[in-house]
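>>> Pasting the sequence and the predicted model now:
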Protein chains: 2
Amino acid sequence: MDFSELKSVCGGCTIRELCLPAGLSDEEVLLLDQHMAHRQVVKKGESLYRTGDAFRSLFAVSTGFFKTSILHEDGRAQVTGFQMAGEILGLDAISTDQHICDAVALEDSAVCEITFDRFEELGQLMSNLQHRFNKTLSREIVRDQGVMLLLGSMRSEERLAAFLVNLAKRFAARKQSGSELVLRMTREDIGSYLGLKLETVSRILSRFHDQHLLEVRGRNVRILDQQGLNKLIEGS
Amino acid sequence: MDFSELKSVCGGCTIRELCLPAGLSDEEVLLLDQHMAHRQVVKKGESLYRTGDAFRSLFAVSTGFFKTSILHEDGRAQVTGFQMAGEILGLDAISTDQHICDAVALEDSAVCEITFDRFEELGQLMSNLQHRFNKTLSREIVRDQGVMLLLGSMRSEERLAAFLVNLAKRFAARKQSGSELVLRMTREDIGSYLGLKLETVSRILSRFHDQHLLEVRGRNVRILDQQGLNKLIEGS
DNA sequence: GAGTTTTTTTGATCTATATCAAAATATAGA
DNA sequence: TCTATATTTTGATATAGATCAAAAAAACTC
């Protein structure tokens, strides 16, 4: 981890409205900025934090791409999410003051750090910030329950379709192409997230390719038929 | 729903430390009490709220047992949780101001309601309450990610063992027997929660019975070998 | 840029869990 | 208490996805 102390600048950040400062006034953002610790770089493959680490700060992904995974005693791991610009890492640690997952950068990335104690103080000063943060936490609950639905009641093709459509939407919200995806994670990571084996993920991608839903070239995926994918997700 | 306005009395509540007032001083609890809307009864089979309902309040389960489930377009449903005394219903709705699941009472139950607007105001007055509430939201995230691990990487027997051990722990924390469980939900509900079919749940319960891990008589389950169940969960 | 390692694809086969079916119980209603 | 309905159990069979295996393609390393 590179601790070069670049001062955060939420005010000028392009993804401000997708991140913690969403919905804050300029003055409020300024106050938030003053309390942000610093920006730090996490190289591809490095961990931002690991299971068991003491919880001190939340991290907002500035640039790059992360995965979080929890480890079962016996070595099995479950990928619980993939985070991109504007998304917050560390929310799960608030409950126990310890991180309960590993956060690993899947490409060279940068995060903005804010000490949680500081952040809570700010929440007391700015009811608006606190209100938005409650929503952020709740949104994570909704997301997690969506994954439960995926894992609990959808078939493998539906899961993968839902995964790709979700990724595409999030890229699109960040003004990146919503049809040209570069997957930062391995087939195994995708499989772990979706409760499937990597071979199954690979086979289904090939099948989608054959059905002209996607064009798959390794980790480069182009969505050719968004409609078709959506139909797969909904239609039983 | 019975709207008889029984005044809430967190102060005198036996499960106070498992609920929203956890960790608050007597004075703080008094203030919280003054802002609780009322207690209300939900009869077995009735909904406390349904998907799409406007979100106004959080509900703390006072007595009884609930299940929450989200509905997929095509009719499939996924049970996302079972809530008992002290646990909070409605956390997922904060993000969108709409309920995204149904909350159904599985036995005659009572809940304590608090308007969320009021609650947020209180959070501004009592940093302690806000701090605890952040933890409550985070704890729900941790719980959900535990379910992801369950659904994504555990086999059917392990899932059911984990489910039973979890229920037993929660009953025990409420000074009820941690070995004599009365399941309030159907095999189908359990199956939906665990990503299994009801027949599979039934078969595994029978198998556990044969292996003297449990004594199963319909919905009455006695845990005979907690150790054995734990071994199942951990050991691959 | 050749060599090593990691990731991905594809095929053949196996297996855990689903599905279909029917009897046995339990629960609720009159 | 009797009847109707819903739930649970158990068996027989089917199947989606796992596992095992090996080649092909990418991605690092020196």
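Arrived safely.

>>> Is DNA strand D within reach of the longest helix along chain A?
Identified as the longest helix of chain A according to DSSP state H is helix A:127-153. No: contact of helix A:127-153 with DNA strand D is not found when judged by CB under 7 Å from any atom of the strand; the minimum separation is 10.5 Å. Using the backbone N, CA and C atoms, a C-beta is placed for each residue, glycine as well.

>>> Is DNA strand D within reach of the following helix or strand past that helix?
The helix or strand immediately downstream of helix A:127-153 is helix A:156-173, counting by DSSP states H and E. Yes: judged by CB under 7 Å from any atom of the strand, helix A:156-173 comes into contact with DNA strand D at A:Ser156, A:Glu157.

>>> Would you mark the buried spots in the next helix or strand after helix A:156-173?
Using DSSP H and E, the helix or strand that follows helix A:156-173 in sequence is strand A:180-182. Going by neighbour count (16 or more other CB atoms under 10 Å in any protein chain shown), the buried part of strand A:180-182 is A:Leu181.

>>> tell me the mean pLDDT for strand A:180-182?
The pLDDT scores in strand A:180-182 average 93.

>>> helix/strand/coil for the residue nearest the centre of chain A?
The centroid of chain A falls nearest to A:Gln83 when counting by CA atoms, centre = their mean (1.6 Å). Applying DSSP: H, G, I helix; E, B strand; the rest coil to A:Gln83 yields a three-state assignment of strand.

>>> any idea how far it lies from A:Glu140?
Distance, A:Gln83 to A:Glu140, using CB to CB, to the nearest Å: 11 Å.

>>> re the thing from before, hang on, the residue nearest to the centre of chain A packs against A:Leu89?
Yes: the criterion here is CB atoms under 8 Å, and A:Gln83 meets it with A:Leu89 at 5.8 Å.

>>> what do the two both touch?
A:Val61, A:Phe66, A:Thr68, A:Ala103 (CB atoms under 8 Å, 6 or more residues apart in numbering or on different chains).

>>> Burial check on the last one, number of neighbours?
A:Ala103 is surrounded by 25 other residues when neighbours are defined as other CB atoms under 10 Å in any protein chain shown.

>>> Any idea how many residues pack against A:His35?
Counted with other CB under 10 Å, the neighbours of A:His35 add up to 14.

>>> got a list of what A:Ser95 touches?
B:Lys135, B:Thr136, B:Ser138, B:Arg139, B:Ile141, B:Val142.

>>> Where does the prediction get shaky in chain A?
Applying pLDDT under 70 to chain A flags residues A:1-8, A:235-236.

>>> all strands of it, in order?
For chain A, strands defined by DSSP state E occupy the ranges A:2-6, A:38-42, A:47-49, A:57-63, A:65-71, A:77-84, A:88-89, A:102-105, A:109-115, A:180-182, A:214-217, A:220-223.

>>> so can I have CSV of those showing distance to A:Glu234?
Shown next, in CSV, are these (distance: least, CB to CB, whole Å):
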stretch, distance to A:Glu234
strand A:2-6, 44
strand A:38-42, 37
strand A:47-49, 35
strand A:57-63, 30
strand A:65-71, 27
strand A:77-84, 23
strand A:88-89, 29
strand A:102-105, 32
strand A:109-115, 34
strand A:180-182, 21
strand A:214-217, 18
strand A:220-223, 16
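
>>> Quick one: closest of those strands to DNA strand C.
Shortest distance between DNA strand C and the strands of chain A, using CB to the nearest atom of the strand, is found for strand A:214-217: 5.3 Å.

>>> quick one: strands adjacent to the closest one?
According to DSSP bridges, strand A:214-217 forms sheet pairs with strand A:220-223 (antiparallel).

>>> Counting neighbours, what do you get for A:Gln98?
13.

>>> quick revisit: closest one to B:Gln78 among the strands of chain A?
strand A:77-84 (17.0 Å; CB to CB).
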